[in-house]
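Trainee: Quick one: sequence and predicted model below, then my questions.
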Amino acid sequence: MSGELQTTGEMVLEQQSVDILIVRGLIVTMSADRTIIEDGAVAIKDGAIVDIGQSTELRLRYLADRVIDASGKIVMPGLVNAHTHASMTVLRGLADDVALHVWLENHIWPAEAKFMSAGTIVLGATVAFAEMVRSGTTTFNDMYFFADEIALAAKGFGIRAIVGEGILDFPTPAMGSPQAALARTEELILKWQSDPLIRIAVAPHSPYSCSQEVLVQSQRMAQKYKVPLHIHVAETKREVEEAVAQTGLSPVAYLHEMGFLEMGVVAAHCVHVTSQDIGLLVEHGVGVVHCPKSNCKLGSGVAPIPELLAAGGCVGLGTDGAASNNRLDLLAEMGFAALLHKGVRMDPLAMHAYTLLEMATIGGARALGMGDAIGSLETGKRADLLLIDTSAPNMKPMYDAVSHLVYATDAGNVDTVIIEGRVIMEDRQLLTLNESATLDDVTALGATIRAARG
């Protein structure tokens, strides 16, 4: 489709029609050449980025249904939260200040069995969508229960999601057995395979909660359908010690030995990994997801992310669930991760701001096998992006946009969120959710759970 003619000097240009044209922004592209464009513009049509460049040039080239003035704003890729349990917002703060095995076995798993139904899981996920979008997340990778219901809710809200039905060797709130969960996963892969926003993952919980048979079946299904294989790996020292006692191998080596580690595996945490483990993760192209706040809060330790990156590993960033973080704010996670690694190593160069921003955007996208579609602002990629308002006191003055995004920006600076070319939040207002009603509902549910727990 073409629009009116524009004259520039002796040239006559026929404008092309687009849905949205964002102009006059400071564009942080996260492309391979680290391009940053001052007074930049992004043209969007049919959910994709069709052009990016200088505002003056794109305003001549395109006729937009809607023009968004990004003056005083940073335009950047949407954040990729590469490991979540979104519905656990319902259990936020339920059991704090305990070790992971106590947290899981004595508190979380019993609470899930008692309180987590399809309805409560959808409500918790919806609260998570609002929290994540408000803090800049446009894609999340989830492992939980009632995956189809979460997928439907995410689709309705308009957020991009990879969703996996949690597979464990014991009954879950949704499934009576791991075989039932595997069968359900296959159904969901086929159901959602053509959707532009939703993708299904195969999601065995961990090497310690799934038998070798279930792990191998999970791996084969993921390979058959070319979908992500999402698992927790080497999160705690105790997990590693028990794995070595039972199998003679670290969790990473155990997975390697059975042929589990292949391209497409998304391994959350990887806190207690050796140099040999790192070599295996890199060799097989495993996407490692760093969840620093959750790991620190549960006293699990600090993952050797600088070593993983130096070895050529693919690393994304995740929040984990709200029950162990207790926030789903990837902007806050970036800053925390940077400071954590500098502090524990007593080295201010241990992690650079750009490295953290990569992990939260294109690194996370690559870890999920989606680097060709999201994670950077480039022609042909899906239109998932943020407008960050730089007018607030915490953003003034600004010498380096990347440094500001990691060390200064907070969720309150996220002004506008666009996912698949659709405006989901504008001027800090969510457009696809009755937020106040949702928060009232989850407050009431929290009161019920508190009363039932005495």
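Mentor: All right, it came through fine.
Trainee: Mind listing the residues bridging to Cys314?
Mentor: Gly287 (DSSP bridges).
Trainee: wouldn't it be in contact with Gly287 here?
Mentor: Yes: judged on C-beta atoms under 8 Å, Cys314 makes contact with Gly287 at a distance of 5.0 Å. For every residue, glycine as well, the C-beta is placed using N, CA and C.
Trainee: can you list residues touching both of these two?
Mentor: Arg366, Ala367 (C-beta atoms under 8 Å, 6 or more residues apart in numbering).
Trainee: Just want to know which of the two has more residues nearby.
Mentor: Gly287 (30 against 24; other C-beta atoms under 10 Å).
Trainee: tell me the contacts of that one?
Mentor: Per C-beta under 8 Å, 6+ apart, neighbours of Gly287: Ala82, Pro228, Val265, Val266, Ala267, Cys314, Val315, Gly316, Arg366, Ala367, Leu368, Gly369.
Trainee: contacting residues for Val42?
Mentor: 20-22, 25, 27, 49, 51-52, 58, 75, 377, 383, 385.
Trainee: Give the helix, strand or coil label for it.
Mentor: strand (DSSP: H, G, I helix; E, B strand; the rest coil).
Trainee: quick one on the thing from earlier: which one of the contacts of Gly287 sits closest to Thr126?
Mentor: Ala82 (20.4 Å; C-beta to C-beta).
Trainee: Return the distance of whatever helix or strand the closest one lives in from the chain's centre.
Mentor: Element membership of Ala82 [criterion: DSSP states H and E] is strand 79-84. Here the centre of strand 79-84 is set off from its chain's centre by 1 Å, with C-alpha atoms, centre = their mean, to the nearest Å.
Trainee: And for stretch 49-60?
Mentor: Distance, centroid of stretch 49-60 to centroid of chain: 29 Å (C-alpha atoms, centre = their mean).
Trainee: List the contacts of the helix ranked longest in the chain.
Mentor: Taking DSSP state H as the criterion, the chain has its longest helix at helix 435-453. Defining contact as C-beta under 8 Å, 6+ apart, one finds that helix 435-453 is touched by 89-91, 94, 111, 114-115, 120, 123-124, 126-127, 130.
Trainee: Out of those, list just those in strands.
Mentor: In strands, judged by DSSP state E, none of the contacts of helix 435-453 are found.
Trainee: Just the buried subset of those, please.
Mentor: Buried by 16 or more other C-beta atoms under 10 Å: Thr89, Val90, Leu91, Leu94, Ala111, Phe115, Thr120, Leu123, Gly124, Thr126, Val127, Ala130, out of the contacts of helix 435-453.
Trainee: leaving aside the residues next to it on the chain, what's closest to Thr139?
Mentor: Distances taken as C-beta to C-beta, 6 or more residues apart in numbering put Arg160 closest to Thr139, at 4.1 Å, once the chain neighbours are dropped.
Trainee: what about stretch 26-46, start to end distance?
Mentor: Start-to-end span of stretch 26-46 (C-alpha to C-alpha, to the nearest Å) is 23 Å.
Trainee: in that stretch, what counts as buried?
Mentor: Buried, per 16+ other C-beta under 10 Å, within stretch 26-46: 26-31, 36-37, 40-45.
Trainee: What of stretch 371-389?
Mentor: Those would be 371, 373-378, 381-389, for stretch 371-389 by 16+ other C-beta under 10 Å.
Trainee: Ok, stretch 229-241 next?
Mentor: Applying 16+ other C-beta under 10 Å to stretch 229-241 flags Leu229, His230, Ile231, His232, Val233, Ala234, Glu235, Thr236, Glu239, Val240 as buried.
Trainee: want to throw these into CSV with pLDDT, distance to Ser135 and secondary structure?
Mentor: Formatted as CSV, the buried residues of stretch 229-241 follow (pLDDT from 0 to 100; distance: C-beta to C-beta, whole Å; DSSP: H, G, I helix; E, B strand; the rest coil):
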residue, pLDDT, distance to Ser135, secondary structure
Leu229, 98, 27, strand
His230, 98, 22, strand
Ile231, 98, 26, strand
His232, 98, 23, strand
Val233, 98, 26, strand
Ala234, 98, 28, coil
Glu235, 97, 24, coil
Thr236, 96, 27, coil
Glu239, 96, 29, helix
Val240, 98, 32, helix
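Trainee: mind putting the residues you listed in TSV, distance to Lys155 included?
Mentor: Putting the buried residues of stretch 229-241 into TSV (distance: C-beta to C-beta, whole Å) gives the following:
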residue	distance to Lys155
Leu229	22
His230	19
Ile231	24
His232	26
Val233	29
Ala234	33
Glu235	30
Thr236	34
Glu239	34
Val240	38
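Trainee: ok, so of those residues, who is nearest Ser71?
Mentor: Nearest member of those to Ser71, counting by C-beta to C-beta, is His230, at 40.1 Å.
Trainee: The closest one: what's it in contact with?
Mentor: His83, Asn141, Met143, Ile162, Gly164, Ala201, Val202, Ala203, Val266, Ala268.
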